[in-house]
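J.: no sequence on this one, just coordinates:
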């Protein structure tokens, strides 16, 4: 049975959420949680903006359960033992008016995490549920015009050079080689980011900055992995956990636990593990074999909407971002939009808020007005550390 102070804190924290008393919550946060925010004022301002048009009528709390090991959402190197977790069910005054579609329901798969100080016996909030940095994104009634320089790195294989037999065609094999990062190179890249004190963030955290004006930590960047390859789990995740870098994984639902030729993919257990140990899971369609930039609603439903639902059921976490299959049909991130507009509208109707691209011309400029066109920097076998450093030079000048 949970100590009474756990229930008292949870109830008070969510009562303050309903009444929008965000400033009062600051002293209830554990020091570890406060450190994730720029300041108390920045937290209050962001949450005020986020919920300005999303009035909360009621919050129900689930039964507290004791977690043996809790991991910080954006730092897989930070662990706390003996944390009480309570699921949160949020009722909005007008859920149908919130965008993207279905976002109100996503708040009911968030949870609070509370620790009890062994010396003082006081309860402290570790995981803020609907008020956390990585809580579901609600689109503002009016999207502000914000541009940020946050490199989104795109990885696929983190492994030795794949054998020629991995693909039947020479083109396919060369493509796999181009998308391969040697484990030694990945380690060197992460060591560089550690050395310059860069901070990895999630896509939700990036959206917090673009949509609600939340100041970002020093030298922010996003790490993404496509396809759900087993080599990512075996060779990249241990390095990320060691260095304290979060990452966004985009598995293909039909490939989970599968094997295609010599290529093996992460199991459902491994993906679930990532979702609860400092990483986030987003969508990369069924099996990354269909270019759907100009597809109709039926094709998009099969390739995206159903996969989003499957991943949320698997991980118990919101899925709001999509990694497009294939190269963006235009050389630059800012090009297009007219022909893709119907696709964006359909994806928004499924509950997504944005998409990340694979570009012919890499870019690190993110715009609040173009969440469907978030650019990435492709990392592969021929990525030198000098090229890698280029994407962070402007941030660290």
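T.: Right, received. Where do you want to start? All of these numbers come straight from a predicted model, not from anything done at the bench. Numbering: from 1, shown residues only.
J.: what bits of the protein have low per-residue confidence?
T.: By pLDDT under 70, the weakly predicted segments of the chain are 164-173, 394-397.
J.: residues contacting residue 123?
T.: 3, 5-6, 8-9, 114-117 (C-beta atoms under 8 Å, 6 or more residues apart in numbering). Every C-beta, even on glycine, is put in place using the N, C-alpha and C of the backbone.
J.: select from the residues you listed the one having the most neighbours.
T.: Per-residue neighbour counts (other C-beta atoms under 10 Å) across the contacts of residue 123 peak at residue 114, which has 26 neighbours.
J.: surely residue 137 is in contact with residue 353?
T.: Yes - the pair residue 137 / residue 353 is scored as a contact, 5.0 Å apart, by C-beta atoms under 8 Å.
J.: hang on, residue 160 packs against residue 185?
T.: No - Residue 160 is beyond contact range of residue 185, at 11.1 Å (criterion: C-beta under 8 Å).
J.: ok so, going back, which of residue 137 and residue 353 has more neighbours?
T.: When residue 137 and residue 353 are compared for neighbours, residue 137 comes out ahead with 26 against 23, by other C-beta under 10 Å.
J.: what sits against the more buried one?
T.: 100, 103, 204, 207-208, 211, 320, 353.
J.: how about the residues you listed, which pair is most distant?
T.: Across the contacts of residue 137, the longest distance by C-beta to C-beta is 15.4 Å; it joins 100 and 208.
J.: which one of these two has more residues nearby?
T.: A direct count of neighbours by other C-beta under 10 Å for residue 100 and residue 208 places residue 208 higher, at 24 against 19.
J.: name the helix or strand for that one, please.
T.: helix 203-212 (DSSP states H and E).
J.: next one: that helix to chain centre, how far?
T.: How far helix 203-212 lies from its chain's middle: 10 Å, per C-alpha atoms, centre = their mean, to the nearest Å.
J.: sheet partners, orientation included, of the helix or strand that it is followed by?
T.: Sequence-wise, the next helix or strand downstream of helix 203-212 (DSSP H and E) is strand 220-227. When pairing is defined by DSSP bridges, strand 220-227 lines up against strand 152-155 (parallel), strand 199-200 (parallel), strand 248-251 (parallel).
J.: just name whatever secondary elements the very next helix or strand once past the first one is in contact with.
T.: Tracing the chain past strand 152-155, the next element assigned as helix or strand by DSSP H and E is strand 157-158. Identification of packing neighbours for strand 157-158 by 3 or more C-beta pairs under 8 Å, 6 or more residues apart in numbering; DSSP states H and E yields strand 180-181.
J.: given the strand it packs on, what are its sheet partners and their directions?
T.: Short version: by DSSP bridges, strand 180-181 pairs with strand 157-158 (parallel).
J.: for the strand it pairs with, give me every contacting residue.
T.: By C-beta under 8 Å, 6+ apart, the residues outside strand 157-158 that reach it are 176, 179-183, 186, 225, 229, 231-232, 235-236.
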